[in-house]
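Trainee: any chance you could fold what I've pasted below:
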Amino acid sequence: MSDRVADIYGVRTPHARGTVWPARVDQYLDPGVTEDAVDRWVQSACLLCSNGCGMDIAVHDGRMVGARGRPGDTVNHGRLGPKGLYGSTRWAHAPDRLTVPLVREGGRLVETDWETAMARIVTTSRALLEEKGPLSHGFYTSGQLFLEEYYTLALIGKAGLGTPHMDGNTRLCTATSAAAFKESFGADGQPGSYTDIEHCDAVFLYGHNMPETQTVLWTRILDRTRGAEPPRVVCVDPRRTLVALEAERTGGVHLAPRVGTNMALMNGLTRELFAHDWVDHEWVAAHTVGVDELRDVVAPYTPEHVADVCGVDPSDLRAAARIFGESQAVLSTVLQGFYQSHQATAASVAVHNLHLLRGMLGRPGAGVLQMNGQPTAQNNRECGADGDLPGFRNWDNPRHVQQLADAWDVDVMTIPHWAPPTHAMQIFSYAETGSIGLLWISATNPAVSMPESARIRRVLGGDQCFVIVQDLFLTETAELADVVLPAAGWGEKTGCFTNVNRTVHLSERAVDPPGDARSDLDIFLMYADAMGFTNRSGQPLIGWRTPEEAFEAWASVTEGRPVDYTGLSYDKLRGPSGIPWPVNAEHPDGTDRLYADGVFPTDTDYCETFGHDLLTGGAVTEQEHRAKNPAGRAFLKGAPYTPAHEQPSEQYPLLYTTGRTVYQFHTRTKTGRSRDLNAAAPDAWVEISVADAEARDIVEGDWVRVESPRGRIEVRARVGNVMEGAVFAPFHYGHWEPDEAQGGGHSDTGRRLANELTMTVWDPVSKQPTFKTAACQVIRLRDGDGPAPAPTTTASAPVTEPPPGRRPRPTAGGGPTISTVLESTPTYRLDPSQDGEGSCRT
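Mentor: Here you go, the predicted model:
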């Protein structure tokens, strides 16, 4: 196998439209471990992005030592990306794993036993319940637990305590995906399928840097664009990413709107469909409501008006709209460039509008993938750990709430449904004031990932709220906790998770967790037992002890709902591939794509929400919804463009946007402990355009200060491929560093948190924070000692060399420019001391 840090996507396997994507098995084993030495391979799926690639875990001498793609899996056909290959297992035997509970004594975290740690939690919990009631408790979880753990947590919060204060870090990355589905189709759930890539004649990627966020899915697209009858690619992104290059290569279009203007762009594209009559009138009349209102909303958005707002060429807008309007099968994907920007839900719904106007849903090649950012984000939403009701039920529908009360054998009034669930941004505000007196954080690191991170650290470090953290390592968040619980990770426990396109995988336990670490399921069960939660019959509220029993309980409450798991079992999932829900008597082998019959879950008595005004977030009432008589038809909903909350000014003339790099995942808890991955992106940087760099006398590698009204960072500059007026920074880097032997030891660790600059502002519908529209300034500080520590294999590649006569720069690590990335050999190589047994079979 090639060096997959340098060769991110591996060997091409081109194929023609309408043919099956060829299998290619990727495998990596740790140094000194040969394939013959592997004791066993254990079924699982990758946990380092949202793609959900089927894989097997290699086990040798009781340790996880590598990974291999599963050739029969519908998601990846055997392929794995760099993070899956090199980052899946190395964290598990890191020397700084948490192995015993910690409690705070005299301002310090000290080791203790489980009984002492849980007693402290239960004592605090009971005291708060007695003094303040259930609203004193809040839970903030992850997109990386297992389905069984989310459902158990949801039951504890909703029926054991009765608190509405539950959410996950999924609020930060993909809450807009769920919100957009609910607004358009009546319920969450991806309409499209990864198999649509094999059948489409155009792919539109909206704010989705797929080559860095879902590498295997991008590989799937590359194998189509390199084959016969390739699809055209249209990229919507202010950076010139590899998606933009592929758009240029395939005769597509790169639309680079100004940061914060997505809604104006989408209204312009929609208007073009109406103006050229690229509308399936018969399908729209039969399967949608709201077309006349939508036409009125988008009427003012001529290409010239959109150009004035967005800074795009009117001819490019027309060309992109023509591709959408004249193609027979379009696949659209959406991610953080829309979700974390201004008017997030409205812009994401506008993608649905394009597909609904053309009748492009529910058939091969014609679909939408509102992507997720994490491997189990979908399960968080399905199971209700994000505050929603389990099974895509409507908290505002008394019959739905009663269904859960009956299933759980609790009083219906125990389940919070008097107001919308509390979203993460509000949860932290309540914790800030002490209204929430106990905040339980599992498998996430908000001290680095939440906006306005200095404020979050003050909230977590204050004495107004008792903070519990369960995690694998002593993260920046765990350092601030009152109790820290050591958790078992992926491969050390059993459970299921569901990826972007609804495919459910079973991940079997491969090895034992270290020390006294316990699975998140066992931790939640220990708390429930200690609190003595019971149902109305006097039996324990949580009636299961094992992951499989939890799965069976979950499947039973999904019966009759859009997310129907009743046809799934652990035995059925122990096969060659994951299975996409719904799986039931009607669909015993799963469902590749939704809405093939043009019928949507919008009926008032069935839908997950009655909807919202996309501009204000105002809730639609049951009576208003019923008056629309959707009767299984989808909603066409629009909104005018409005300027973002924070505009450039003389003091802060640039717009700051954050994002990801291919080699790191979230706050580097796992990828930062893989030497190969961390060496490829070892430290923070900021990307600035050529024009903005020249105006500030900045060249590649200079140390700069980036300031916003909320904070500042000091990092090295990459003169890169962002549009003029925009600045890009990766959000992965907190103050944690691996030791110097693992590539750590950087001097800027206290000054590089990208979220110091971001705003505590959120979308009115999805409540997702706006990470991508902060005003900022960039100021040169001093010379660097070489190029910025940004990768050269991705959209972060440098765009120019320093001007002649400027400060000399070492050439090592400079790498190719973006225009040569796809064809060149990048500079990053695997550390020879870490190089193991790799292979690739096609």
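Trainee: CA only for contacts and neighbour counts going forward, please
Mentor: Fine.
Trainee: what's near enough to touch the residue nearest to residue 377 when sequence neighbours are not counted?
Mentor: Nearest residue to residue 377, sequence neighbours excluded (CA to CA, 6 or more residues apart in numbering): residue 143, at 4.2 Å. Residues in contact with residue 143 (CA atoms under 8 Å, 6 or more residues apart in numbering) are 168, 169, 170, 374, 375, 376, 377, 378, 379, 380.
Trainee: and residue 551, by the same measure?
Mentor: For residue 551, the contact set (CA under 8 Å, 6+ apart) comprises 147, 148, 569.
Trainee: let's see that with 7 Å instead.
Mentor: Counting by CA atoms under 7 Å, 6 or more residues apart in numbering, residue 551 makes contact with residue 148.
Trainee: tell me if it really is in a helix.
Mentor: Yes. Residue 551: assigned to a helix according to DSSP: H, G, I helix; E, B strand; the rest coil.
Trainee: and it, what pLDDT?
Mentor: You'll see residue 551 listed with a pLDDT of 98.
Trainee: just checking, residue 690 touches residue 719?
Mentor: Yes. In this structure residue 690 lies within contact range of residue 719 using CA atoms under 7 Å: 5.9 Å.
Trainee: more neighbours, the two?
Mentor: Ranked by neighbour count (other CA atoms under 10 Å), residue 690 and residue 719 place residue 719 first, with 29 against 21.
Trainee: surely the more buried one meets residue 688?
Mentor: Yes. With contact defined as CA under 7 Å, residue 719 reaches residue 688; the gap is 5.2 Å.
Trainee: hang on, the earlier thing: distance-wise, check the residue nearest to residue 377 relative to residue 479.
Mentor: 21 Å (CA to CA, to the nearest Å).
Trainee: swap in residue 48?
Mentor: Taken as CA to CA, the span from residue 48 to residue 479 is 24 Å.
Trainee: same question for residue 123.
Mentor: Distance from residue 123 to residue 479, by CA to CA: 22 Å.
Trainee: ok, those two, which is more surrounded?
Mentor: Neighbour tally, residue 123 and residue 479, criterion other CA under 10 Å: the higher count belongs to residue 479, 18 against 12.
Trainee: quick one: the more buried one from residue 381, how far?
Mentor: 28 Å.
Trainee: do residue 364 as well
Mentor: 26 Å.
Trainee: outline the domain layout of the chain.
Mentor: Residue ranges for each domain of the chain read 102-174+376-562, 176-371+601-635, 644-811, as given by automatic domain parsing.
Trainee: could the ones you listed go into TSV alongside distance to residue 90?
Mentor: Converted to TSV, the domains of the chain look like this (distance: least, CA to CA, whole Å):
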stretch	distance to residue 90
domain 102-174+376-562	12
domain 176-371+601-635	20
domain 644-811	6
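Trainee: check those domains for me: which has the lowest mean pLDDT.
Mentor: When I compare those, domain 644-811 is least confident, with a mean of 90.
Trainee: and that one, how far from the chain's centre?
Mentor: 20 Å (CA atoms, centre = their mean, to the nearest Å).
Trainee: can you give me the end-to-end span of stretch 17-29?
Mentor: 34 Å.
Trainee: hang on, the earlier thing: so residue 364 and residue 381 - more neighbours on which side?
Mentor: residue 381 (28 against 23).
Trainee: show me the contacts for that one.
Mentor: Neighbours of residue 381 in contact, by CA under 7 Å, 6+ apart: residue 388.
Trainee: let's verify it: helix, strand, or coil?
Mentor: helix.
Trainee: distance of it from residue 607?
Mentor: Residue 381 is 15 Å from residue 607, by CA to CA.
Trainee: now residue 345
Mentor: In this view, residue 345 and residue 607 are 18 Å apart by CA to CA.
Trainee: more neighbours, those two?
Mentor: Counted by other CA under 10 Å, residue 345 and residue 607 do not tie: residue 345 has more neighbours, with 31 against 25.
Trainee: doesn't residue 764 make contact with the more buried one?
Mentor: No. Contact criterion CA under 7 Å: residue 345 and residue 764 do not qualify, at 8.2 Å.
Trainee: before we move on, which element is residue 319 in?
Mentor: helix 314-326 (DSSP states H and E).
Trainee: again with residue 270
Mentor: Assigned by DSSP H and E, residue 270 falls in helix 262-275.
Trainee: what comes up buried for that helix?
Mentor: Neighbour-count burial for helix 262-275, counted by 16 or more other CA atoms under 10 Å, picks out 262-274.
Trainee: JSON lines please, covering those residues and showing distance to residue 386.
Mentor: Output for the buried residues of helix 262-275, formatted as JSON lines (distance: CA to CA, whole Å):
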{"residue": "262", "distance to residue 386": "26"}
{"residue": "263", "distance to residue 386": "26"}
{"residue": "264", "distance to residue 386": "30"}
{"residue": "265", "distance to residue 386": "31"}
{"residue": "266", "distance to residue 386": "29"}
{"residue": "267", "distance to residue 386": "31"}
{"residue": "268", "distance to residue 386": "34"}
{"residue": "269", "distance to residue 386": "33"}
{"residue": "270", "distance to residue 386": "32"}
{"residue": "271", "distance to residue 386": "35"}
{"residue": "272", "distance to residue 386": "37"}
{"residue": "273", "distance to residue 386": "36"}
{"residue": "274", "distance to residue 386": "38"}
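Trainee: residue 128 is in contact with residue 136, isn't it?
Mentor: Yes. Counting by CA under 7 Å, residue 136 is a contact partner of residue 128 at 6.2 Å.
Trainee: anything in contact with each of those two?
Mentor: Shared contacts of residue 128 and residue 136, counting by CA under 7 Å, 6+ apart, come down to residue 437.
Trainee: partner residues bridging the closest residue in space to residue 38 that isn't next to it in sequence?
Mentor: By the measure of CA to CA, 6+ apart, the closest residue to residue 38 outside its immediate chain neighbours is residue 60, 5.2 Å from it. Note on residue 60: beta-bridge partners by DSSP bridges are residue 63.
Trainee: re earlier: now the angle from the helix holding residue 270 to helix 314-326?
Mentor: Angle of helix 262-275 versus helix 314-326, following axes from the mean of the first three to the mean of the last three CA atoms, to 10 degrees, is 60 degrees.
Trainee: what comes into contact with helix 262-275?
Mentor: Taking CA under 7 Å, 6+ apart as the rule, helix 262-275 contacts 279, 298-299, 301-303, 306, 310, 317, 321, 325, 343, 346-347, 350, 354, 641.
Trainee: buried subset of those residues as a ChimeraX selection?
Mentor: This is how ChimeraX selects the buried members of these, with burial counted by 16+ other CA under 10 Å:
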select :279,298,301,302,303,306,310,317,321,325,343,346,347,350,354,641
